[in-house]
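**Q** give me a model of this one.
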Amino acid sequence: MDWFIDNLYKAVITEDRWKMYLEGLLVTFQITLIACAIGIILGLLVAIVKIYAVGSKNPALRVLNWICNLYTTVIRGTPVMLQLLILYSLAVIPNGIVACCIGFGINSGSYASEIFRSGINSVDIGQMEAGRSLGLNRNRVMRLIILPQAIKNILPALFNELIALLKETSSAGYSAVTDLTKMANSIKGRTFNVFPLFIAALVYLLLTY
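**A** Purely as a prediction, here's the structure:
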């Protein structure tokens, strides 16, 4: 018991290390929230393009649909950690936090697009026909009638995506970002025990729960 208390004290209290966990947690929150916002916007745009492209003969829309399909295939088919390393290593985005926000946002958008698309498709097609019969164009029907109903259907899936994104940010340390996981690993190197990693794991568990 003394061993446990002593190691816990070193991992949290000594040199005010609890502040280091908070600093890392704030970075984790920052990346998660910004990336989530990017992912939602990007995912919604991709989903709308794919839905509008169904049966359309508009060449511009078909090209956009092809680009969207390529985007979702490539991003969903490669590890997010590799995507971050490519963004950061090529010096495309030299700032680690910015690279993580954009990288995780792009990755999240590829999954959010399918969530939005399935949610929109779950709305009865009669809703679109009813809106058009009232004189509304397709864009207004989508914005005023379809999307509000679809959002209610996709909220649980979007929250699951947010939880997955929060956990995925633990790989941000590979882009020279001192998030919660990176900070805990740094404290582990000073204390020479695994308590900091268990503390970080507990924080992630509480957040996702």
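**Q** okay, buried residues for the host helix or strand of residue 109 please.
**A** In this assignment (DSSP states H and E), residue 109 forms part of helix 96-121. By 16 or more other Cβ atoms under 10 Å, the buried positions in helix 96-121 come out as 96-117, 119-120. All C-beta atoms are positioned from the backbone trio N, CA, C, and that covers glycine.
**Q** name the next helix or strand following it along the chain.
**A** helix 125-133.
**Q** which parts of that next one are buried?
**A** In terms of neighbour count (16+ other Cβ under 10 Å), helix 125-133 has its buried residues at 128, 131.
**Q** ranges for the helices of the protein?
**A** 2-12, 17-53, 59-76, 80-89, 96-121, 125-133, 138-141, 147-168, 180-191, 195-208 (DSSP state H).
**Q** ok, back up a step: any idea of the angle the helix holding residue 109 forms with helix 59-76?
**A** If you take axes from the mean of the first three to the mean of the last three Cα atoms, to 10 degrees, helix 96-121 sits at 120 degrees to helix 59-76.
**Q** avg pLDDT for helix 96-121?
**A** Across helix 96-121, pLDDT averages out at 90.
**Q** what of stretch 138-152?
**A** Throughout stretch 138-152, pLDDT has a mean value of 83.
**Q** now it, how far from the chain's geometric center?
**A** 23 Å (Cα atoms, centre = their mean, to the nearest Å).
**Q** how about stretch 46-65?
**A** 25 Å.
**Q** in it, what's buried?
**A** Of all the residues in stretch 46-65, those buried under the rule 16+ other Cβ under 10 Å are 46, 47, 48, 49, 50, 51, 52, 53, 64, 65.
**Q** closest to residue 193 among those?
**A** Closest approach between the buried residues of stretch 46-65 and residue 193, by Cβ to Cβ: residue 46, at 45.4 Å.
**Q** give me the pLDDT value at the closest one.
**A** So residue 46 comes in at 94 (pLDDT).
**Q** verify the contact between it and residue 108 for me.
**A** No: the criterion here is Cβ atoms under 8 Å, and residue 46 misses it with residue 108 at 11.5 Å.
**Q** what's the angle from the worst-scoring helix or strand of the chain on mean pLDDT to helix 180-191?
**A** Using mean pLDDT, DSSP states H and E, helix 2-12 stands out as the lowest-scoring helix or strand of the chain, at a mean of 76. Angle, helix 2-12 to helix 180-191, by the same axes, to 10 degrees: 120 degrees.
**Q** and helix 2-12, how far from the chain's centre?
**A** 34 Å.
**Q** buried residues, that helix. List them.
**A** Quick answer for helix 2-12 (16+ other Cβ under 10 Å): 7, 8, 10, 11, 12.
**Q** for the closest residue to the third one other than its chain neighbours, what are its contacts?
**A** Nearest residue to residue 10, sequence neighbours excluded (Cβ to Cβ, 6 or more residues apart in numbering): residue 191, at 4.7 Å. Listed by Cβ atoms under 8 Å, 6 or more residues apart in numbering, the contact set of residue 191 reads 7, 10, 11, 14.
**Q** brilliant, that's me finished.
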